[in-house]
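Visitor: Sequence and predicted structure, then a few things I'm wondering about:
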Amino acid sequence: MTISEVKNRNDVNTPEANKAVIREFIQAYNDRNLDVFDELVAEDYFDNLFQQRGREPFRELFTMAFKGFPDWYEAIEDIIAEGDKVWVRIKATGTHTNEWDLFGVSVPPTGNKIEMNMVFIWRLENGKLVEGWEVDDNLEILKQMGVVDYTEEGKKFAEVFK
């Protein structure tokens, strides 16, 4: 189901419609079309990870990511919807080719390619994202960038999970 089909049928509050919104949102994100925020993100959106309210702070997170990782791409691995929530498992890839602001700490470009798994949970109302949660492995991305490394003991432990 596409977002156009949803709007034409006025089925904006069904799980299938919500999945269509999330698919369009992620595709627009991958296409660097941040104008879609005005259409698909509520003005008072709440980001639980960063404890921020508002569409503009949410949009700024994407802008910052694109600066540090211009080729950042998110592929949907799984998408599940129930009621007003959509769960999405993502495989993200990118190359750290520019300076990246990591929570107020500037990380110079490393040129390293990264890959990480992420899980997003979004709550939607009337075809718009109103609240979101994110679960990802920030330590893994920092390790892949070469910003942090395991101790010798940690490297042995990490081998068990490969």
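Guide: Sure, I can see it.
Visitor: how about the nearest residue to Leu34, chain neighbours excluded?
Guide: Counting by CB to CB, 6 or more residues apart in numbering, Arg59 is the residue found nearest to Leu34 once chain neighbours are left out, at 5.7 Å. Where you see a C-beta, it was placed from the backbone N, CA and C, and this is true even at glycine.
Visitor: I'd assumed the one you found was in a helix, is it?
Guide: Yes. Arg59: assigned to a helix according to DSSP: H, G, I helix; E, B strand; the rest coil.
Visitor: Next up, the contacts around it.
Guide: Residues in contact with Arg59 (CB atoms under 8 Å, 6 or more residues apart in numbering) are 34, 37, 41.
Visitor: Show the buried residues in these.
Guide: Buried residues within these, counting neighbours by 16 or more other CB atoms under 10 Å: 37, 41.
Visitor: Tabulate the contacts of Arg59 in CSV, adding columns for pLDDT, distance to Glu152 and secondary structure.
Guide: Formatted as CSV, the entries for those read as follows, by pLDDT from 0 to 100; distance: CB to CB, whole Å; DSSP: H, G, I helix; E, B strand; the rest coil:
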residue, pLDDT, distance to Glu152, secondary structure
Leu34, 91, 43, coil
Phe37, 90, 45, helix
Val41, 97, 45, strand
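Visitor: Average pLDDT for the helix with the most length in the chain, rounded please.
Guide: In the chain, taking DSSP state H as the definition, the longest helix is helix 15-30. Mean pLDDT, helix 15-30: 96.
Visitor: Check Met1 and give its pLDDT.
Guide: pLDDT, Met1: 51.
Visitor: do the same with Ser4
Guide: The predicted structure scores Ser4 at 54 on the pLDDT scale.
Visitor: Okay, buried residues for the top strand by length along the chain please.
Guide: If each strand of the chain is counted by residues according to DSSP state E, the longest one is strand 113-125. Of all the residues in strand 113-125, those buried under the rule 16+ other CB under 10 Å are 114, 116, 118, 120, 122-124.
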